[in-house]
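Engineer: Fold the following for me, if possible:
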Amino acid sequence: MVRVLTDGPAAGILHDGDVVISIDGSTVTKAKELAEHVRSAEPGNVLTLAVIRDGEMIDAEVTLGVRKPPGVRHYRGFQGFHNGLL
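Structural biologist: A predicted model of the protein is given here:
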């Protein structure tokens, strides 16, 4: 489940409560997997996310922004799953 930052690149694309099930075709079952995939991508890259929203699966494309400095928990426009790892 994601919580979208209102001033991030995913604002208006992802919605609070969306459940990310894959990223660029790779199945995501843990926040750590999503975080690793996002960290391995470069700012400006476009990621295709399959998400469940209101019981329906949709695809969403998100262009990554610039990562914030170390120690900042939120970056690249969305905060990941239940535990806020992104």
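Engineer: What segments of this protein are helices?
Structural biologist: For the chain, the helices defined by DSSP state H occupy 31-40.
Engineer: Flag the shaky bits of the protein, pLDDT-wise.
Structural biologist: Low-confidence segments of the chain (pLDDT under 70): 1-3, 67-86.
Engineer: so where do the strands sit in it?
Structural biologist: With strands called from DSSP state E, the chain shows them at 3-4, 19-23, 26-27, 46-53, 56-63, 78-79.
Engineer: Make TSV from the ones you listed and add distance to residue 40 to it.
Structural biologist: Any C-beta I mention is one placed from the backbone N, CA and C, and that applies to glycine too. As requested, those are exported to TSV (distance: least, CB to CB, whole Å):
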stretch	distance to residue 40
strand 3-4	21
strand 19-23	10
strand 26-27	11
strand 46-53	10
strand 56-63	15
strand 78-79	16
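Engineer: possible to save these as a markdown table with mean neighbour count?
Structural biologist: Listed next are these as a markdown table, based on neighbours: other CB atoms under 10 Å:
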| stretch | mean neighbour count |
| --- | --- |
| strand 3-4 | 18 |
| strand 19-23 | 18 |
| strand 26-27 | 10 |
| strand 46-53 | 16 |
| strand 56-63 | 13 |
| strand 78-79 | 22 |
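Engineer: Out of these, which is closest to residue 37?
Structural biologist: Residue 37 sits nearest to strand 19-23 of all the strands of the chain, at 4.9 Å, using CB to CB.
Engineer: The closest one packs against which elements?
Structural biologist: If contacts are counted by 3 or more CB pairs under 8 Å, 6 or more residues apart in numbering; DSSP states H and E, strand 19-23 sits against helix 31-40, strand 46-53.
Engineer: wait, which of those is closest to residue 11?
Structural biologist: Per CB to CB, nearest to residue 11 of these: strand 46-53, 14.1 Å.
Engineer: First-to-last residue distance for stretch 24-40?
Structural biologist: Across its full length, stretch 24-40 reaches 12 Å between end residues, using CA to CA, to the nearest Å.
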